[in-house]
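Participant: just the structure for this:
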Amino acid sequence: QVQLVESGGGLVQAGGSLRLSCAASGRTVAYTMAWFRQAPGKEREFVAASSWSGGTAYYADSVTGRFTISRDNAKNTLYLQMNGLQPEDTAVYYCAGGREISIYSPRSSYYYWGQGTQVTVSS
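Facilitator: Numbering: from 1, shown residues only. Okay, here's the model as predicted:
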């Protein structure tokens, strides 16, 4: 059983940066890990995913070049560095994990989820 806890959200002005963290209670070294987000009134959408080794990453077009996903398997922690934040990035950000899935797998493939952390970007 794996429990995921996100942190690092907050209020930031447009153009600013935040770094989200996701701490896992169990070992996630063999897991594909990802970030998703959900804005009010919208479906939860994919943001970025990392292979179990951290050597391969995949990003949504909307965040490519601005966000960077990384992981420290020794610390069982996943990160999301977010630069150049825009008001449209405002959402609750969720960490997710799954075994034996690829970084291109759909949201339904992930079976461990955190409770989310709020990111609000003001214009």
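
Participant: looking at it, Ala91 is touching Phe36, isn't it?
Facilitator: No: with contact defined as Cβ atoms under 8 Å, Ala91 does not reach Phe36; the gap is 9.0 Å. For glycine as for every other residue, the C-beta is placed from the backbone atoms N, C-alpha and C.

Participant: as CSV, could you dump the C-alpha coordinates of stretch 92-112?
Facilitator: Provided in CSV are the C-alpha atoms of stretch 92-112 (Å, rounded to 0.1, in the frame of the first residue of the first chain):
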residue,chain,number,x,y,z
VAL,A,92,-5.6,21.5,-7.4
TYR,A,93,-2.6,19.5,-8.3
TYR,A,94,-2.6,15.8,-7.6
CYS,A,95,0.3,13.3,-7.4
ALA,A,96,-0.4,9.8,-8.7
GLY,A,97,1.4,6.5,-9.0
GLY,A,98,1.0,3.2,-10.7
ARG,A,99,3.0,0.0,-11.3
GLU,A,100,3.7,-1.6,-14.7
ILE,A,101,2.3,1.4,-16.6
SER,A,102,4.1,3.7,-19.0
ILE,A,103,4.4,7.5,-18.9
TYR,A,104,1.9,7.6,-21.6
SER,A,105,-0.8,5.7,-19.8
PRO,A,106,-4.1,7.3,-19.2
ARG,A,107,-5.4,8.7,-15.9
SER,A,108,-7.4,5.5,-15.2
SER,A,109,-4.2,3.5,-15.1
TYR,A,110,-3.0,5.2,-11.9
TYR,A,111,-4.3,3.7,-8.7
TYR,A,112,-2.6,5.6,-6.0
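
Participant: in what helix or strand does the spatially most central residue of the chain lie?
Facilitator: The centroid of the chain falls nearest to Trp35 when counting by Cα atoms, centre = their mean (2.1 Å). If you go by DSSP states H and E, Trp35 is part of strand 31-38.
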